[in-house]
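> got a sequence here, can you build the structure:
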Amino acid sequence: MHRYAAALLPLCLPAGAASAEAGAAAAPAAVTVTRAAAMPASIGDAAYFTGTVVVGARFQRLAPARVGGALVTFAPGARTAWHTHPLGQTLIVTQGHGWVQHWQGPLQALAVGDVAWIPPGVKHWHGATATSAMQHVAIAEAQDGTAVNWLEHVADDSYPR
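Just a heads-up that it's a prediction; the model follows:
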């Protein structure tokens with residue numbers, strides 16, 4: 001997973017971050033590092049997940065930022081319920097194999113290194129395949145304090161075996 005984090009680092013830096021002009025305008029803000037030990041993982045709530053799901057490294061930034069997310073690990077056969085995000089969601093697969101599907105859309109396979117973008121308001125689900133665990137970083141922005149709207153569970157007969 002570290003190689004993916006290293007690849008994403010340049011995407012996290014603001015344009016002109018290295019310029020002397022930016023540093024002269026104001027004192028730099030402090031960088032905050034939250035250690036893994038301070039972010040205990042939790043089991044995904046059965047109201048929102050089917051199967052064993054572990055949610056770790058949760059984060060939600062304070063306003064004016066809106067971004068939040070987590071590192072989510074799905075056991076084989078585990079998945080989310082149907083849900084939407086008011087400002088969309090990005091998934092970055094870090095381990096295993098999984099699925100993503102939007103309402104009445106095609107089932108799409110996910111593998112390590114894949115990035116899925118789910119547009120705002122699109123009803124969808126995602127999770128592991130029946131035979132492989134999957135882990136992904138899930139990133140979404142909150143609108144008016146809401147980052148996700150949970151809906152019904154994916155029916156067992158609709159989940160690919």
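> drop to CA atoms for contacts and neighbour counts, all remaining ones
Fine.
> mind listing the helices for this structure?
Listed in chain order, the helices of the chain (DSSP state H) span residues 2-12, 20-25.
> please work out the average pLDDT along the first one.
Within the predicted structure, the mean pLDDT of helix 2-12 is 38.
> the shortest one too?
Per-residue confidence for helix 20-25 averages out to 48 on the pLDDT scale.
> which ones are touching Pro119?
His85, Leu87, Gly88, Gln89 (C-alpha atoms under 8 Å, 6 or more residues apart in numbering).
> what subset of the residues you listed is buried?
Among the contacts of Pro119, those classed as buried by neighbour count (16 or more other C-alpha atoms under 10 Å) are His85, Leu87, Gly88, Gln89.
> dump these into TSV; add distance to Pro40 as well.
As requested, those are exported to TSV (distance: C-alpha to C-alpha, whole Å):
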residue	distance to Pro40
His85	24
Leu87	27
Gly88	26
Gln89	23
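> wait, which of these is closest to Ala63?
Of all these, the one sitting nearest Ala63 is Leu87; the distance, using C-alpha to C-alpha, is 15.4 Å.
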